[in-house]
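Asker: coordinates for the following, if possible.
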Amino acid sequence: MMTFMDRISQGFEYLIVLASVVMLGWGLLGFLEYFTGLAPLMLLQNATFPVGMQTLHWILITASGATFLIGYFLRWSLTPIAMLVMFTALATMCAVQTFDMLESPDRYRNFVQECINYIVISIYLFRSNRMRNRFGRITVQGRDGPSPISV
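Answerer: Here you go, the predicted model:
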């Protein structure tokens with residue numbers, strides 16, 4: 001029988017999967033609009049972003065959703081590390097956008113909230129028993145052979 005904490009962990013796992021589906025879909029729709037001008041749901045391009053930033057924006061959003069979903073369904077053992085790299089890139093891009101380009105009065109709060117989300121998800125991916133059971137224990141190859149990472 002599942003405990004209350006097991007149910008919470010399972011719910012958070014499914015929430016991450018859902019968020020990754022949304023990220024992948026958002027990224028693909030962003031690319032569709034970027035390349036064709038078609039916006040089936042709503043306009044996604046940000047006029048304050050230069051072309052290079054807009055391109056990087058859609059690449060990172062699409063890649064982060066795809067990375068987690070592929071890693072999750074294939075049970076790829078490096079998924080937590082790959083997502084940590086993706087979150088670092090997304091947070092860096094968001095910092096540049098927040099401090100140099102965006103003009104919304106909520107931009108700083110949104111930036112902090114996004115970073116907190118990345119931190120919470122990363123901790124869950126590395127520390128939860130549920131994710132350890134899914135992805136296995138992460139190891140690093142040293143000169144003396146593989147050794148587990150203590151996280």
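Asker: contacts and neighbour counts: CA atoms only from here.
Answerer: Fine.
Asker: the strands in this structure, which residues?
Answerer: Taking DSSP state E as the criterion, the chain contains strands spanning 139-142, 145-148.
Asker: any idea how far the closest residue to Phe87 other than its chain neighbours lies from Val22?
Answerer: Of all residues not flanking Phe87 in the chain, Tyr118 sits nearest, at 6.0 Å (C-alpha to C-alpha, 6 or more residues apart in numbering). Per C-alpha to C-alpha, to the nearest Å, Tyr118 is found 15 Å from Val22.
Asker: which of those two has more residues huddled nearby?
Answerer: Remark: of Tyr118 and Val22, Tyr118 carries more neighbours, 19 against 15, as counted by other C-alpha atoms under 10 Å.
Asker: that one and Val85 touch, don't they?
Answerer: No - the criterion here is C-alpha atoms under 8 Å, and Tyr118 misses it with Val85 at 10.6 Å.
Asker: ok, longest helix in the chain?
Answerer: helix 4-36 (DSSP state H).
Asker: how about that one: buried residues?
Answerer: Neighbour counts over helix 4-36 (16 or more other C-alpha atoms under 10 Å) mark 9, 13, 16-17, 20-21, 23-31, 33-34 as buried.
Asker: that one packs against which elements?
Answerer: helix 51-74 (3 or more C-alpha pairs under 8 Å, 6 or more residues apart in numbering; DSSP states H and E).
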